[in-house]
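[1] Quick one: sequence plus predicted model below, questions after.
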Amino acid sequence: MSEKWFEDYVVGTTTEHGSVRVEEAEVVDFGRRFDPQPFHVDREAAADGPYGGLIASGWHTCALMMRLLAQEYLSPVSSLGSPGIDELRWLRPVRPGDELALRTTVQEARLSRSKPDRGLVRTHVELVGTGGAVVLSLLAMNLVRARPAQR
């Protein structure tokens, strides 16, 4: 990840980022640990379930999105965390074998009034699945350091 500062998040910019493959063993492991519903943990039960097969937990999908967001979009030199997200939607099931790519669109970028060394960046985040369908969307809020003044 390159150095990226608040000033580099330009409103209206849409960017496609790296991808991650969804592995069946990870779907089942995550499901067993955090979301033990049959369609996340048991291939045979999932085949007879409402999705016709094993699907990843929505929370697993969020974790995969966060990995890509941290690795591809947020810069380690400027990211100060997040006060939260809005409008999280799981739009389509994610299945083992799917490739998920990250797409970001900067919707807002404003400097903090109380701490001018940083700003708030609001980003529309999408995970695009196999075949081009959006499987997850949300609005992320991130605190980002401004570029240090040159001395």
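    Received the coordinates, thanks.
[2] make it CA atoms for all contacts and neighbour counts henceforth
    Will do.
[3] partner residues bridging the closest residue to residue 14 other than its chain neighbours?
    Spatial nearest neighbour of residue 14, excluding adjacent residues (C-alpha to C-alpha, 6 or more residues apart in numbering): residue 105 at 4.2 Å. Residue 105 forms beta bridges with residue 14, residue 124, as assigned by DSSP bridges.
[4] Tell me, what's the model's pLDDT at residue 105?
    We have a pLDDT of 98 for residue 105.
[5] who's in contact with it?
    Shown in contact with residue 105 (C-alpha atoms under 8 Å, 6 or more residues apart in numbering): 11, 12, 13, 14, 15, 123, 124, 125.
[6] do you know how far the residue positioned nearest the centre of the chain is from residue 125?
    With distances taken as C-alpha atoms, centre = their mean, residue 65 lies nearest the centre of the chain, 2.8 Å away. The gap separating residue 65 from residue 125 is 9 Å, by C-alpha to C-alpha, to the nearest Å.
[7] Repeat that for residue 42.
    According to C-alpha to C-alpha, residue 42 stands 30 Å off from residue 125.
[8] again with residue 35
    23 Å.
[9] Looking at those two, which has the bigger crowd around it?
    residue 125 (22 against 18; other C-alpha atoms under 10 Å).
[10] my read: the more buried one touches residue 140, true?
    Yes - contact criterion C-alpha atoms under 8 Å: residue 125 and residue 140 qualify, at 6.8 Å.
[11] export the contacts of residue 105 to TSV and tack on pLDDT?
    As requested, the contacts of residue 105 are exported to TSV (pLDDT from 0 to 100):
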residue	pLDDT
11	98
12	98
13	98
14	98
15	97
123	98
124	98
125	98
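[12] shouldn't residue 57 be in contact with residue 26?
    No - in this structure residue 57 lies outside contact range of residue 26 using C-alpha under 8 Å: 10.5 Å.
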